[in-house]
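> quick one, fold the following:
(one chain, ligands or ions: 1)
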Amino acid sequence: MLEKMAEINLDRVIEDFEAMTKDAGVVQRETLRKILEENGNAEYLTSLGLGGRTDIQSFKDHVPMVTHRDLEHYIQRIADGDSSPILTGKPITIISLSSGTTQGKPKYVPFNDELVDSTMQIYCTSFAFRNREYPIGCGKALQFVYSSRQFKTKGGLNAGTATTNVFRSSQYKSTMRAMQSQCCSPDEVIFGPDFHQSLYCHLLCGLLFWEEVQFVSSTFAHSIVHAFRTFELVVGELCADIQTGVLTSRITDPSIREAISKLLTPDSQLADLIHEKCSGLINWYGLIPALFPNAKYIYGIMTGSMEPYLGKLRHYAGELPLVSADYGSSEGWIGANVNPKLPPEQATFAVLPNIGYFEFIPLKEAGGDAEPTPVGLTEVEVGEEYEIVITNFAGLYRYRLGDAVKVAGFHNGTPELRFVYRRNLLLTINIDKNTEKDLQLAVESAAKVLAEEKLEVVDFTSHVDLSTEPGHYVIFWEINGEARGDVLKDCCNVLDRSFIDAGYMSSRKVNAIGPLELRVLRRGTFQQILDHYLGMGAAVSQFKTPRCVGPSNSTVLQILCSNVVENYFSSAF
Ligand code: AMP
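Numbers count the residues shown, from 1 in each chain. The predicted structure follows:
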């Protein structure tokens, strides 16, 4: 199917999906067999004594559930250039950078052609269902997509974010063409070295092809909101470029300039039209359909940490439907949105049983010392929450993803999952992801500045403040004495700089996340918090300071906010 993408038959894609999900249990068994057959000679599997067996029971008996930390030294050897069969039968030649920064650096994850195949399968499946509800004509897609910088690992392997690895694959373009979803912008814009220049040119290309745009999309909804916020600021400049046919001097990258100059010719009629359309709007409500009247929907991941952007997105979208995109991770895809008409808040993801072998740890059993017992894909129960465990074609076996999902129902024999939360994630505003460990490392770095003054951080917690525009991180500190203002200001800058997650840093650089705020608390605040928990029946021996306080934890947030004695904003970016 994928080699002949130009002839993609959407009815056939749906039929195949229906057949496969009816037999989800059998397909899962077959998928595991294939994975273990292809990779049975890998050092990792042979060392576990699997001995070439490919059945579910032997697999569970011999292969332990692992986290990234357990596999790190295997992956590092691959990245360092060891091409022997370590995790997979065929050598891994590409590495993805996942957002995890628990060890103070992004995680390396193996990437290969099989992951590209499953990405295309997910894209085609959800597109087939989407197109049945919202058919698009022949045209283009205004896609706010950006490539990350690629680099070579020590062993000479290409490394980049998983989306970049997908965008660079030859299959991506042909699939997009077959799905009538070709990007308005040339490759030079997608792969440009500077985010601001690429964003400006995506907007410009969208306007040049305004009549052809069939839908507006991005991987994460946040980027769409960010793009149209930027549009509000640069619309005059965009219109001037279109009027004169000359690209603003702000775009300095020669390859982007050359690519855009092939598309841009003076068109004062279009410039006037854009100006007229924008002047007719009230507070930019309905901007997207005003600019792109033939667009049928807006598409991107809108669930999980993207939900806070739905309000603004709906404002720009006016009456245009919002369709939430699929569910996956750098480690592999999981499910497709086959119910595109559901509002994003209710979006579910039907697991594709042939792209990996999936297990589910029931969260109601979690806690305690006993090793949790996962259940299979077809054994999950509606209404229950689970952590996902993935076995994929790229060398991850029984890998705990760390995401909590809820089973919303079944599509034939395969579960439809709702994303609930990331188990070890604390701070996230848009594409940034920081864990408890990341927070701890940041606080430790900043505490070194305090230590020079012979002062200590007594305790700390954090909060994501979305009441400001853009949102920002707040770190609450209780200190064992009085620190000077200039010292605390330094600490605040160090905190901001210490979150080295690529998503955080890139968002900070473009002010998609505001300056980090350090709030210093009155002495005894954490004692008050402890008292509050004890009052609710918690035991001191089990008490753990909440390291991130969300809006639902309103009492604790109130205790914190009413005890702030001074606050500082970072000037680190
Ligand atoms: P990364 O580690 O950068 O590959 O990000 C993958 C993570 O992003 C997943 O493990 C989820 O926590 C989150 N994610 C991906 N897709 C979705 C989705 N459709 N809804 C909510 N969260 C998602």
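> run through the residues of the stretch 201-350 of the chain sitting next to the ligand.
I301, T303, G304, Y327, G328, S329, S330 (CB under 6 Å from any ligand atom). Placement of C-beta: from N, CA and C, glycine included.
> report the two of these separated the most.
T303 and S330 (17.2 Å; CB to CB).
> and Y200, what element?
helix 195-208 (DSSP states H and E).
> chain center to the helix or strand following that helix: distance?
For helix 195-208, the following helix or strand on the C-terminal side (DSSP H and E) is strand 213-220. Mean-position distance between strand 213-220 and its chain equals 16 Å (CA atoms, centre = their mean, to the nearest Å).
> how much does whatever helix or strand comes next after strand 213-220 deviate in direction from strand 213-220?
Under the assignment DSSP H and E, the closest C-terminal helix or strand after strand 213-220 is helix 221-244. With axes from the mean of the first three to the mean of the last three CA atoms, to 10 degrees as the criterion, the two stretches helix 221-244 and strand 213-220 enclose an angle of 130 degrees.
> now helix 221-244 against helix 195-208, angle please.
Going by the same axes, to 10 degrees, helix 221-244 makes 60 degrees with helix 195-208.
> what about the closest residue to the ligand within the stretch 201-350 of the chain, how many residues nearby?
Taking CB to the nearest ligand atom as the measure, the stretch 201-350 of the chain has G304 as its residue closest to the ligand, at 2.7 Å. Other residues within reach of G304 by the criterion other CB atoms under 10 Å amount to 18.
> my read: it touches R422, true?
Yes. Here G304 reaches R422: they are 7.3 Å apart, a contact under CB atoms under 8 Å.
> by neighbour count, which of the residues of the stretch 201-350 of the chain next to the ligand wins?
When those are compared by neighbour count (other CB under 10 Å), Y327 ends up highest, at 26 neighbours.
> hang on, isn't it packed against F349?
Yes. Checked against CB under 8 Å, the pair Y327 and F349 is within contact range at 3.9 Å.
> pLDDT (mean, whole number) over the helix holding Y200?
Mean per-residue pLDDT for helix 195-208: 94.
> so which elements touch it?
Counting contacts by 3 or more CB pairs under 8 Å, 6 or more residues apart in numbering; DSSP states H and E, helix 195-208 packs against strand 140-143, helix 187-190, helix 221-244, helix 254-261, helix 268-279.
> how about the longest one: buried residues?
Applying a neighbour-count criterion of 16 or more other CB atoms under 10 Å, the buried positions in helix 221-244 are 221-228, 230-231, 234-235, 238-239, 241-243.
> please apply the same query to the fourth one.
By neighbour count on 16+ other CB under 10 Å, the buried set for helix 254-261 is I256, R257, A259, I260.
> now stretch 335-342
Buried residues in stretch 335-342, defined by neighbour count with 16+ other CB under 10 Å: G335, A336, N337, V338, N339, P340.
> check contacts around the last one.
Same thing as P340. Taking CB atoms under 8 Å, 6 or more residues apart in numbering as the definition of contact, the neighbours of P340 are S126, F129, R130, E133, Y134, Y297, V323.
> just how off-centre is stretch 449-457 within its chain?
For stretch 449-457, the distance between its averaged C-alpha position and the chain's averaged C-alpha position is 36 Å (CA atoms, centre = their mean).
> over to stretch 393-407?
In terms of CA atoms, centre = their mean, the centre of stretch 393-407 is found 15 Å from the chain centre.
> measure it end to end?
The distance separating the two terminal residues of stretch 393-407, taken as CA to CA, to the nearest Å, comes to 24 Å.
> who are the neighbours in contact with the residue nearest the centre of the chain?
When the chain is reduced to its mean C-alpha position, the closest residue under CA atoms, centre = their mean turns out to be I431, at 5.6 Å. By CB under 8 Å, 6+ apart, the residues touching I431 are S99, F220, H222, S223, G503, S506, S507.
> and if you look at S169?
Taking CB under 8 Å, 6+ apart, we find S169 in contact with D113, V116.
> against M176, how distant is it?
For S169, the distance to M176 equals 11 Å [CB to CB, to the nearest Å].
> do V464 as well
34 Å.
> hmm, which helix or strand of the protein has the shakiest average pLDDT?
strand 425-427 (a mean of 78; mean pLDDT, DSSP states H and E).
> next SSE after it?
Toward the C-terminal end, the helix or strand that comes next after strand 425-427 (DSSP H and E) is strand 434-435.
> what lines up beside that following strand in the sheet?
Here the strand partners of strand 434-435, with direction, are listed using DSSP bridges: strand 425-427 (antiparallel).
> so T461: helix, strand or coil?
Local secondary structure at T461 is given as strand here, using DSSP: H, G, I helix; E, B strand; the rest coil.
> contacting residues for it?
Taking CB under 8 Å, 6+ apart, we find T461 in contact with I475, F476, T545, P546, R547, C548, V549, L560.
> inside helices: which ones of the residues you listed?
With DSSP state H as the criterion, helices contain L560 from among those.
> for the contacts of T461, which one is nearest G51?
Of all these, the one sitting nearest G51 is R547; the distance, using CB to CB, is 43.6 Å.
> distance of that closest one from Y568?
Counting by CB to CB - R547 and Y568 are separated by 20 Å.
> more crowded one of these two?
The neighbour comparison of R547 against Y568 (other CB under 10 Å) goes to Y568, with 21 against 17.
> mind listing the residues bridging to the more buried one?
Here Y568 shows beta-bridge partners L518, assigned using DSSP bridges.
> correct me, but it touches L516?
No. In this structure, Y568 is not within contact of L516 by CB under 8 Å, at 9.1 Å.
> for the stretch 201-350 of the chain, which spans come out with low pLDDT?
When the per-residue scores of the stretch 201-350 of the chain are filtered using pLDDT under 70, the ranges that remain are 305, 308.
> residues touching the top strand by length along the chain, excluding its own?
Ranked by residue count under DSSP state E, the longest strand found in the chain is strand 399-411. Counting by CB under 8 Å, 6+ apart, the neighbours of strand 399-411 from elsewhere in the structure are 21, 65-68, 71, 329, 331, 338, 348, 350, 360-361, 363, 380-392, 415-425.
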